[in-house]
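J.: what's the 3D shape of this:
(one chain, ligands or ions: 2)
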Amino acid sequence: MNNGSMKAVGVIPAKREVALFEHAMPHLSAPTELKIKTLEVGICGTDREICSFAYGTPPCGSDYLVLGHEALGEVVEIGPGVTRFKPGDLVVPTVRRPCAHEHCPSCRDARQDFCSTGDFTERGIKMTHGFMTEYFVEDQVHLNIVPPQLRDVAVLVEPLTVAEKALAQVWQVQQRLPWTNGSTSEAERGAGKTAVVLGAGPVGILGAMALVVSGFKTFVYSRSPEPNPKADLVNSIGAKYISCATTPVAEFARQVGRIDLVYEAVGVAQISFEVMTVLGLNGVFVFTGIPPHQAAIPIAADSLMRQLVLKNQAIIGTVNADHHAFTQAIRHLAVFKQRWPEALGKVITGRHPLENYRALLLGKATGIKNVITIG
Ligand SMILES: [Zn+2]
Ligand SMILES: [Zn+2]
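T.: Ligands and ions are numbered 1, 2, ... in the order given. Down below sits the predicted model:
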């Protein structure tokens, strides 16, 4: 093992550069820390946006930020205070780290996903280095153990947590009404309900899998006309793919029937607000996408407001995920793998060496989930 430096991919915002460079090998600095060998790192739109310098802040004192927030690693060294892990364990880290303020109840309660000051940091995104490097050090409270049989798909845990945190909030919000028919069994909770997923990227497809497993009749509404590989994948898990290029919203609504839940994973306002107009009575609409700043678009605000009130609808925006969402994602991935081994494998459309970073981060987006294999 090299104790000096290691390879890393990151951004140098002041120079507007994306580069492969040498980064100092990290060492344990607290008893509850672990050293982890990076195995795989997923690439997503967030990484690509950081590479366009839309956001992404280096840690204080550094002129660069190591990228990567969707990681799978193997524990290689543990501090004397580590109780929950041993060398050889597979782990997936969470992304957000708490702010330092005593008056932030969320962070003090390990719910930095709801940080109320905005002074949180995020590994690979905001003021903390990410995982697109050979080793990283992390405190045990920010790690989640993954069973060995999930090694080939565990890099999907982090993108799946988007849906897990969304669903956790949907169950909470819909407790306002007898929505779940009193059912507590997971496979029954969505039974008799219809969910629509907007977008067929990794967050949308993994979300559709979580919705199907939770009993929802699930539709994925996305741009590409059929036939296409994403549509085939969606249809193979028992959801139904419908293209918005060939089926306009009104016709889509007619085919789908009453919509109880919309899970937005497309990051486009136009289609999202159009679909909001066909959300059903007592329905809930969850936004997870982050559109770029652009010119305002017209929406029928009065009729939308009227509808939200008269139909008891709830709109939720959600970002980042807590420990519970990671636990749920790991549990769900095991279910997905058992139920749809082939489809789940197809979500990862490419595995690449670190040296290919340029094409992956700056080239045209292709496939569903591209992964960098390091270890
Ligand atoms: Zn991501
Ligand atoms: Zn906070």
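J.: The helix or strand that contains residue 11 - what's its average pLDDT?
T.: Element membership for residue 11, per DSSP states H and E: strand 5-12. Averaging pLDDT along strand 5-12 gives 97.
J.: Same check on stretch 366-375?
T.: 95.
J.: And the strands in the stretch 151-300 of the chain?
T.: 194-198, 217-222, 240-243, 259-264, 279-287 (DSSP state E, counting those that start in this stretch).
J.: From the contact counts, what lies against the second one?
T.: Same thing as strand 217-222. With contacts defined as 3 or more Cβ pairs under 8 Å, 6 or more residues apart in numbering; DSSP states H and E, the packing partners of strand 217-222 are strand 194-198, helix 202-213, helix 229-236, strand 240-243, helix 249-256. In this view, the C-beta of every residue, glycine as well, is placed from N, C-alpha and C.
J.: Around residue 342, how many other residues sit close by?
T.: 9 (other Cβ atoms under 10 Å).
J.: hey, which helix or strand in this protein has the poorest pLDDT?
T.: helix 186-189 (a mean of 82; mean pLDDT, DSSP states H and E).
J.: Could you list every helix and strand that it packs against?
T.: Checking 3+ Cβ pairs under 8 Å, 6+ apart, helix 186-189 ends up next to no helix or strand.
J.: one more time with 10 Å
T.: helix 157-173, helix 202-213, helix 323-339 (3 or more Cβ pairs under 10 Å, 6 or more residues apart in numbering; DSSP states H and E).
J.: highest average neighbour count across those helices?
T.: helix 202-213 (a mean of 27; mean count of other Cβ atoms under 10 Å).
J.: Could you export that one as PDB, CA atoms only?
T.: Extracted in PDB, the C-alpha atoms of helix 202-213 (Å, rounded to 0.1, in the frame of the first residue of the first chain):
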ATOM      1  CA  PRO A 202     -31.300   5.600 -12.600                       C
ATOM      2  CA  VAL A 203     -33.200   7.500  -9.900                       C
ATOM      3  CA  GLY A 204     -36.500   7.000 -11.800                       C
ATOM      4  CA  ILE A 205     -35.900   3.300 -12.600                       C
ATOM      5  CA  LEU A 206     -34.800   2.500  -9.100                       C
ATOM      6  CA  GLY A 207     -37.700   4.500  -7.700                       C
ATOM      7  CA  ALA A 208     -40.100   2.500 -10.000                       C
ATOM      8  CA  MET A 209     -38.600  -0.700  -8.500                       C
ATOM      9  CA  ALA A 210     -39.200   0.500  -5.000                       C
ATOM     10  CA  LEU A 211     -42.800   1.500  -5.800                       C
ATOM     11  CA  VAL A 212     -43.600  -1.900  -7.500                       C
ATOM     12  CA  VAL A 213     -42.100  -3.700  -4.400                       C
END
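J.: Numbering from 44 from now on, please.
T.: Let's use 44 as the start, then, which means that last one is helix 245-256.
J.: between it and strand 260-265, what angle do the directions make?
T.: 160 degrees (axes from the mean of the first three to the mean of the last three Cα atoms, to 10 degrees).
J.: and helix 245-256 with strand 322-330, angle?
T.: Using the same axes, to 10 degrees: helix 245-256 against strand 322-330 is 130 degrees.
J.: quick one: average confidence on helix 245-256?
T.: On average, helix 245-256 scores 98.
J.: who touches the nearest residue to residue 246 once chain neighbours are set aside in this structure?
T.: Spatial nearest neighbour of residue 246, excluding adjacent residues (Cβ to Cβ, 6 or more residues apart in numbering): residue 308 at 4.2 Å. Going by Cβ atoms under 10 Å, 6 or more residues apart in numbering, residue 308 touches 202, 205-206, 209, 240-251, 263, 265, 315, 329-332.
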